[in-house]
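Visitor: sequence below, structure please.
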Amino acid sequence: MKKFLLVAVIVSAALVSCKKNRTCSCTADGETLDTVLTNTTKSEAQTKCDALNVLVTLEGGTCKLK
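Guide: As a prediction, this is how the structure comes out:
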């Protein structure tokens, strides 16, 4: 029973910490714009930031996930 509770606590902690607010920072023409991506996993945030990067690259800028 103790092992089950320990596993349950670890899994719960992992699930809670997976999704959080993340920031995609884009720079173009000397200006920086931070976009907050709420309640996302790191891989979801990276996908969204990569999509922003495609648009910003057309303007000569870049985006990076912080």
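Visitor: give me the secondary structure label for Asn39.
Guide: Three-state call for Asn39 (DSSP: H, G, I helix; E, B strand; the rest coil): strand.
Visitor: could you find the closest non-adjacent residue to it?
Guide: Using Cβ to Cβ, 6 or more residues apart in numbering and skipping residues adjacent in sequence, the residue nearest Asn39 is Lys19, 5.0 Å away. For the C-beta atoms, the positions are set from N, CA and C on the backbone; glycine is no exception.
Visitor: could you tell me the phi and psi values at the residue nearest the centre of the chain?
Guide: When Cα atoms, centre = their mean is applied to the chain, the residue found nearest the centroid is Ala45 (3.2 Å). In terms of degrees, to the nearest 10, the main-chain angles of Ala45 are phi -60, psi -40.
Visitor: cross-check the contact I'm expecting between it and Arg22.
Guide: Yes. Assessed by Cβ atoms under 8 Å, Ala45 is found in contact with Arg22 at 4.0 Å.
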